[in-house]
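> pasting the sequence and the predicted coordinates here, then a few questions.
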Amino acid sequence: MNRCHAIASALLLLMGLLVGVSMRSDTMARSAEDDPAVDHGVALFTGTAYMSGMVPCATCHTVTPGGAALSGPNLAGIAQTAATRIHGVSAADYLRLAILAPDAYVVDGYVAGQMNHRYADLLQTGILTDADIDALVAYLLTLDASPDQTQPLAASRTPVIVPQARGTGPIIASTTWTAAFARAAGANPADIVTIAPGPDTMRRPLGYVMTDDDSAKLNGARLVILMGCEEFATTLLAAADRVAVPVVIVTSRNGREIIRADTALIAQALGTTAANERWMAGFDRLLDDLQAEIAQALPADQRQALVHHFQLEAAEDLGFTPLVAFGPAPLPPDEIRSLAALRPPWILDNYHTVQGTGISAAAPDAHYVQLINFPGIDGTVTLEDVYRANADRILAAITSDPASGQSVQQIGAVAEMVLGVFLTLAVLGALIASLTTRTQMHCDNEVGCDFVA
Ligand code: HEC
């Protein structure tokens, strides 16, 4: 087995990545400038234009051709498909219907009621306007499945309506994570009531099922904070509606700038902006310190990583350079091989939705660490705790053998052989890719790069 071949194939894949990224930024610049309605549609779709109670479409829909579907269908190519859905109904009319009456046509493989049904209510109550729906439709009509299509993020988060917290009752947080966002916003911890248990009880708190007792906690509440991707989001939103408690929906990603924007929004609703600004200054210092600590232990060329989709910004905050994002959907074997062939020094997985163990087995030289998002394990409560705990997990991995825990000495020979097979396949794959097709990395700028060979 020839190492040079492996390196050559990795270089080839990386070149594909760079080509993909540079093509992407051109496309983005064009579509953002062309049409203000499309730009507004993008902002609504991704949630960068804030609307009280509106779950961003991107919570459930990706638009990258070939990208893994989230809980709703991938909308790449919807501009064409929409015209074929209901006989005699134009693409634009179908898309309007799909947003305002999702059960009018249910896509194969899905069931009625799965898509969020609140957009018509939001239109009726004036939170969404006709112009907003037109903007969403205008944006969807640009999704023509050309290979470099992606979802551009609007330049800035422009709050449209920030709800004002009501009274002095409890602040309801959907999970330990949104509870941590509330603290960071300046909420008094004693006022925060969390609905779903933390990852010490449920590894994936988003899967919690809400009870009537939980709904009763909303009586007299001041504010509800949720992420929109919780499986119980619809129940929680309906409960908030019933007792007319204002709702703030945050992005649900760790990342310095996202945390800054989302906690500022919660603070605006709670009237705690000064406390939030003080908190943010301290948080900035903490991230700088953690970055310095990790940089001292690891030279820059050793801080490259394959990063789980849900940990991208958090990994960057700790000073890592993501080579490629993987997940959140399960990885097919050929993708595992291509990723392992990049020979990453690190694989940073997501503790709550693990997807990187296959790559770790195929790349035993890489340090493998699971980062956390939801506070609860390792004694974590706040966002500071989560970042500290993740930095500690990384620092601990530096001092231990990369493959420790897998008793690499005993299975060394087998691992060497498996690696050999993977690398051979990777070289072959890369050669075939370079001869016959374009090897490209599709970069969706919310989350980094989706691999499409
Ligand atoms: C909670 C998850 C969820 C959210 C949020 C969501 N959708 Fe959907 N969407 C679905 C599911 C599931 C389907 C498929 C079932 C169906 O057809 O009703 C779907 C179907 C669609 C379709 C039809 C696709 C086709 O191939 O015909 C369109 C268009 C669409 N959604 C657009 C949107 C837009 C625009 C938004 C935001 C305003 C949005 N969705 C928000 C889950 C969601």
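Cool, the structure landed. Bear in mind the structure is a predicted one, so any value in this text is a computation, not a measurement.
> can you list the residues of the stretch 51-200 of the chain near the ligand?
Within reach of the ligand by CB under 6 Å from any ligand atom, the stretch 51-200 of the chain has these residues: 55, 57, 59-61, 71-73, 78, 81, 85, 95, 98-99, 102, 106-107, 110, 114-116, 119, 136, 140. From N, CA and C alone the C-beta is placed, and that goes for glycine too.
> just the ones of those in helices?
Using DSSP state H, 78, 81, 85, 95, 98-99, 119, 136, 140 are the members of these that sit in helices.
> which pair of these spans the longest distance?
Pairwise distances across those peak at 19.6 Å for 81 and 119 (criterion: CB to CB).
> neighbour count winner among those two?
Taking other CB atoms under 10 Å, residue 81 and residue 119 do not tie; residue 119 has more neighbours (24 against 16).
> quick one: that one from residue 112, how far?
Look at residue 119 and residue 112: by CB to CB, to the nearest Å, they are 15 Å apart.
> the ligand: which of the ones in helices among the residues of the stretch 51-200 of the chain next to the ligand is nearest?
residue 98 (3.6 Å; CB to the nearest ligand atom).
> just the pLDDT for the nearest residue to the closest one once chain neighbours are set aside.
Distances taken as CB to CB, 6 or more residues apart in numbering put residue 105 closest to residue 98, at 7.0 Å, once the chain neighbours are dropped. As predicted, residue 105 sits at a pLDDT of 89.
> surely residue 105 touches residue 99?
No. Counting by CB atoms under 8 Å, residue 105 does not reach residue 99; the two are 11.8 Å apart.
> these two - which one has more neighbours?
Neighbours per residue (other CB under 10 Å) separate residue 105 from residue 99, with residue 99 holding more: 20 against 14.
> looking at the residue most central in space within the chain now. What's its pLDDT?
Taking CA atoms, centre = their mean, the centroid of the chain lies closest to residue 310, which sits 4.6 Å from it. pLDDT, residue 310: 87.
> SS state for it?
Of the three states, residue 310 takes helix according to DSSP: H, G, I helix; E, B strand; the rest coil.
> now it: closest residue in space, sequence neighbours ignored.
Per CB to CB, 6+ apart, closest to residue 310 is residue 350, 4.6 Å.
> against the ligand, how distant is the one you found?
20 Å (CB to the nearest ligand atom, to the nearest Å).
> how many other residues sit next to that residue?
Look at residue 350: counted by other CB under 10 Å, it has 23 neighbours.
> what's opposite it in the beta bridge?
Per DSSP bridges, the residues bridged to residue 350 are residue 371.
> list the contacts of it.
Residue 350 makes contact with 308-311, 327-328, 356, 370-371, 373, according to CB atoms under 8 Å, 6 or more residues apart in numbering.
> what are the phi and psi values for the residue nearest to residue 98?
Per-residue torsions, residue 105: phi -140, psi 120 (degrees, to the nearest 10).
> please identify the helix or strand for the closest residue to residue 207 other than its chain neighbours.
Nearest residue to residue 207, sequence neighbours excluded (CB to CB, 6+ apart): residue 231, at 5.5 Å. Assigned by DSSP states H and E, residue 231 belongs to neither a helix nor a strand.
> hmm, residue 163 and residue 268 touching each other?
No. Judged on CB under 8 Å, residue 268 makes no contact with residue 163 at a distance of 9.1 Å.
> now residue 46: how far from residue 40?
Computed as CB to CB, the residue 46 to residue 40 distance reads 11 Å.
> count the residues that sit near the residue lying closest to residue 206 once chain neighbours are set aside.
Closest residue to residue 206 apart from its sequence neighbours, by CB to CB, 6+ apart: residue 230 at 5.0 Å. Residue 230: 25 surrounding residues under other CB under 10 Å.
> again, but for the one 5 residues further on
Around residue 235 sit 16 other residues, with neighbours defined as other CB under 10 Å.
> could you do residue 362 as well?
Number of residues near residue 362 (other CB under 10 Å) recorded here: 24.
> how near is it to the ligand?
Separation of residue 362 from the ligand (CB to the nearest ligand atom): 33 Å.
> name the element the nearest residue to that residue once chain neighbours are set aside belongs to?
In space, and not counting its chain neighbours, residue 362 is closest to residue 340: 3.6 Å by CB to CB, 6+ apart. Here residue 340, judged by DSSP H and E, is contained in helix 333-341.
> also residue 240?
Going by DSSP H and E, residue 240 is in helix 233-242.
> tell me which residues of that helix are tucked away?
By 16 or more other CB atoms under 10 Å, the buried positions in helix 233-242 come out as 233-237, 239-241.
> same deal with stretch 201-210?
Residues of stretch 201-210 classed as buried by neighbour count (16+ other CB under 10 Å): 202, 205-206, 208, 210.
> now the residue nearest to residue 98: how far from residue 166?
Distance from residue 105 to residue 166, by CB to CB: 38 Å.
> again, but for residue 71
Counting by CB to CB, the gap from residue 71 to residue 166 is 31 Å.
> repeat that for residue 92.
Residue 92 is 38 Å from residue 166, by CB to CB.
> show me the domain layout of the chain.
Using automatic domain parsing, the domain parsing of the chain gives 2-155, 171-280, 298-398, 408-452.
> first-to-last residue distance for the third one?
Domain 298-398 stretches 8 Å from its first residue to its last (CA to CA, to the nearest Å).
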